[in-house]
Structure formats: C-alpha cells, structure tokens
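>>> below are the sequence and a predicted model for it; my questions follow.
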Amino acid sequence: MRVVLSTYGARGSVEPMAGLAVRLRERGAEVRVCAPPDEEFTELLATAGGGSVPVGAPVRPLVTTVRPGSAEGLAQRAADLMAAQFGAVAEAAEGCDVLVATGPLPVTTGARSVAELLGVRYVYATQTPVVLPAPHQPPPGRRGRPLPPEVRDNGELWDLDARLADDMFGGALTGLRAAVGLPPVSGVRDYAFTDRPWLAADPVLSPWPPTALDVVTTGAWLRPDGGRLPAEVTAFLEAGAPPVYVGFGSTPLGTRAPGMARAAVEAVRERGHRVILARGWAGLDAPDAGDDCLTLGEVDHRALFARVAAVVHHGSAGTTTTAARAGVPQVIVPQSGDQPYWAARASSLGIAVTHDAPTLTSGTLAEALAEALRPDVRARARAVRGTIRDDGAAVAARLLYETVGG
C-alpha cells in the first residue's frame, strides 16, 4: 500500500505523522510525508524511517515573527499553503492508495481536492477535538475573525464558523480547483473534515461524546519508545533528586520569554527542586549559571518525563499526553489555541494544576507547583498513567489498511 501523509504546522502537527509513518512502514506500506521544510522536522521524519517531501515555507520563522492573533498576511499564506497541496503534495500522491491530511484548513481542503483529482481515498485527522463541530462546544474562532460574544448557542456559532471559512478560503480554493478542472465546493470546512473525521487523541484525556459526526477515535499517534537522552541530561538527572521540567515547546512568548524563564527557575528553586529548562521556540534561557539548572534544546520527552518530579508546560496535545503517559504531575500554563482545553482536561482528571494567568510570576508558579506536588496529585498521575493508550498510531495504521482494503 502507498500512503501519503500531508501536514503543516509546528512540531505538534508533524510528530504525530512521524508516529503514524513508523507503524505504517512496520506493516509494509510505502509512506511519503509532506511536511514543512524546517530542518528539525526533516531530521524528525528521517528518524521515523524515511525522508520527507518539503511543502510550503519554514514554520519556525513564521511562528516566531507573526504577532499573536494578527491576521496580517493571512490570506496570502493560506493561498500559498493551498497551492502547495496542488503542487508538491499532488506530485507525491500520484498513484498512492490513500492521502491522510491534518493541519489548518487551507492544507486539508487542498489535500482533499488533490485526492478527488487523483481518485484516491482521503482521510482527515486532527489531534484536537476543539475544531470539530459539535453541540457541546463552541468553535475555537478564526484568526482575525472573532466570534460575536453575544451569541451563546453553539449550533449558531458553528454555522457562522462555516460561513467564515467559506469567506476566508473559498475563493482561493475555487480558483485552484478550476485550474485543474474541478468544480467549486459548497462548505469548505465540512468538505475538508468529511462526515467521518479521525481524532488522534487519547480517549481518556479527550473523550468524544456521540454527535452527528461519525468521529473515529484512534488514540494519540505516538512514536515508539526507545529514545535516548543526551549524556549531559543523563548526568544531570543522576546528580541529584528528580528535577522539575519547564518548557513551552513551539509557543512564541515574545518579550515575555526572559521574565518567564527567570520566574520559572526561581519558583522551582523555592520549592526545593532543580530545574531542566527547555529553550523551545521562545528561546528560554536560565537567568544564571547555577549548577541546579540545565538548559537544553530538543530532547525525547518520553525518555525524560518519567525521570522528573513535575512538568511545567504550555498544554499542547503532545506534551500533555506524554506527561500523562509518564505518570508525572503537571502544571499547565495555557497560552493560546487548544491549550486551555488540554489544561482543563488534565486538571479534571486530577493529574494537573492549571496556572490561570498566561504569564508566570515566581510566586504564582511556586503556589501551583506546591499543589501539583501534593501526594494525592502524584498518586493520581501514577494511576492515570496506566489508562493512557500507546497504540493509537498502530490502530490508525490498521484502519488505513482496512479503509483501502489491503
């Protein structure tokens, strides 16, 4: 079976595809992953057993320079992403059996159009349920197009979201489809999602109630265990009691970054712990050269989190799931997007404490850490660890074979 996986976004969008690619290749599939050309993603996908097809502009410069919430240049970026699906992705998908797409709407609408053009199967997948239309939740909102605060009915808000999606992306999609002989589509959001979207999220962390959508919950798409920690990290871990990990992944923090790094280190020290500080895309750095603090770049969270006392993070789907699977207490400081959702879910399970304000102070984080490090939270985190599935990517690989009939 030949499979093409198409995604665009930060690490949280690319790493799940790497996990799925591994499981598909184990079944004998030929897999091509279309992803942003950032060097770190190219290396990540290489470790998954194959290369990648570069698509679109590098993500990291975009994420770290665009003002949060700004819609400046959005229309052109969306059009470019769509065009890339009709270009590099279409070329990669020629002769494949199934095209799996995840990421922003310009990517997935373009990818389904390519599948339609080539006559191949198409599967839409998301790592977060908040984007899926459902009566129990409102839409997350679209950049530069805030939802009216006076409207409280979720059904009405989802209808409005569909119209906004048409207005923002319908014109560009229609033009690209017309150029290859495809007719216009009505309702670009639902066209991309299909009536049977796949949810690549853990069912304990992110249960999906019955709705009109026939959502297929596979479990999170995780890469297999087996990552090794750098020697300096192992040496630091073995030099004392388990430290507290602090990291915000790909989330840009702008001018807040130095202050948040300083506050985090001070708060962890106040609680009597050493610190592992992840630079991330915000470029966090330790405020001093104390030997109780290690600053690092990319590291395998699966190997690291099981050896720390707590994880302080932004609340992405991947980091929340990995920390829950490690059985370690969490302090979640949500910044944007779906991060408040994951913070609320982990807190409701009793395995995390949500830091309500997006900007840390040493005092507020020290308080949150004290709560997260209580014996009952630690015990609950260990108990939930055994319920988190690690076979989501394998389940998805099996379902893809069943979908194609291979």
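Perfect, thanks for sending it.
>>> what segments of this structure are strands?
Secondary structure of the chain (DSSP state E): strands at 2-6, 30-35, 52-54, 98-101, 121-126, 198-199, 216-217, 244-246, 275-278, 293-296, 310-313, 330-332, 352-354.
>>> may I see those strands organised as CSV, with mean pLDDT added?
Converted to CSV, these look like this (pLDDT from 0 to 100):
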stretch, mean pLDDT
strand 2-6, 97
strand 30-35, 96
strand 52-54, 93
strand 98-101, 98
strand 121-126, 98
strand 198-199, 98
strand 216-217, 96
strand 244-246, 98
strand 275-278, 97
strand 293-296, 95
strand 310-313, 98
strand 330-332, 98
strand 352-354, 98
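>>> quick check: residue 349 vs residue 369, distance?
18 Å (CB to CB, to the nearest Å). All C-beta atoms are positioned from the backbone trio N, CA, C, and that covers glycine.
>>> kindly report the same for residue 82.
On the measure of CB to CB, residue 82 and residue 369 end up 44 Å apart.
>>> how confident was the prediction at residue 61?
In this model, residue 61 is scored at 86, pLDDT.
>>> quick check: it vs residue 37, distance?
Distance from residue 61 to residue 37, by CB to CB: 11 Å.
>>> of the two, who's got more company?
Shown here are residue 61 and residue 37; by other CB atoms under 10 Å, residue 37 has more neighbours (14 against 11).
>>> give me the nearest residue to the more buried one, chain neighbours excluded.
Residue nearest to residue 37 in three dimensions, not counting chain neighbours: residue 54, with 3.6 Å by CB to CB, 6 or more residues apart in numbering.
>>> what is the burial count for the one you found?
So residue 54, with other CB under 10 Å, has 16 neighbours.
>>> so the closest residue to residue 131 other than its chain neighbours versus residue 337, what's the distance?
With sequence-adjacent residues excluded and distances taken as CB to CB, 6+ apart, residue 131 is closest to residue 140, at 6.3 Å. From residue 140 across to residue 337, the span is 7 Å (CB to CB).
>>> residue 144 now?
For residue 144, the distance to residue 337 (CB to CB) stands at 15 Å.
>>> with residue 135 instead?
22 Å.
>>> likewise residue 76?
From residue 76 to residue 337 the distance is 21 Å (CB to CB).
>>> out of those two, which sits in the more crowded spot?
A direct count of neighbours by other CB under 10 Å for residue 76 and residue 337 places residue 337 higher, at 19 against 10.
>>> tell me who's in contact with that one.
residue 140 (CB atoms under 8 Å, 6 or more residues apart in numbering).
>>> ok, now residue 312?
Here residue 312 is in contact with 244, 245, 246, 247, 264, 268, 330, 331, 332, 333, 365, 369 (CB under 8 Å, 6+ apart).
>>> that older thread, quick one: which of residue 349 and residue 369 has more around it?
Under the neighbour definition other CB under 10 Å, residue 349 and residue 369 were set side by side, and residue 369 has more, 24 against 16.
>>> tell me the contacts of the more buried one?
Applying CB under 8 Å, 6+ apart, the residues contacting residue 369 are 244, 267, 268, 271, 310, 312, 331, 353.
>>> now those residues: which count as buried?
Buried residues within the contacts of residue 369, counting neighbours by 16 or more other CB atoms under 10 Å: 244, 267, 268, 271, 310, 312, 331, 353.
>>> what pairs with the last one across the strands?
Going back to what we said before, that points to residue 353. Taking DSSP bridges as the rule, residue 353 bridges to residue 331.
>>> can you give the domain ranges for the chain?
The chain breaks down into these domains under automatic domain parsing: 2-223+390-404, 231-385.
>>> do me a favour and get the end-to-end distance for the first one?
With CA to CA, to the nearest Å as the measure, the ends of domain 2-223+390-404 fall 10 Å from one another.
>>> what segments of the stretch 51-200 of the chain are helices?
Applying DSSP state H, counting those that start in this stretch to the stretch 51-200 of the chain gives helices spanning 59-65, 74-84, 90-93, 105-118, 154-179, 188-193.
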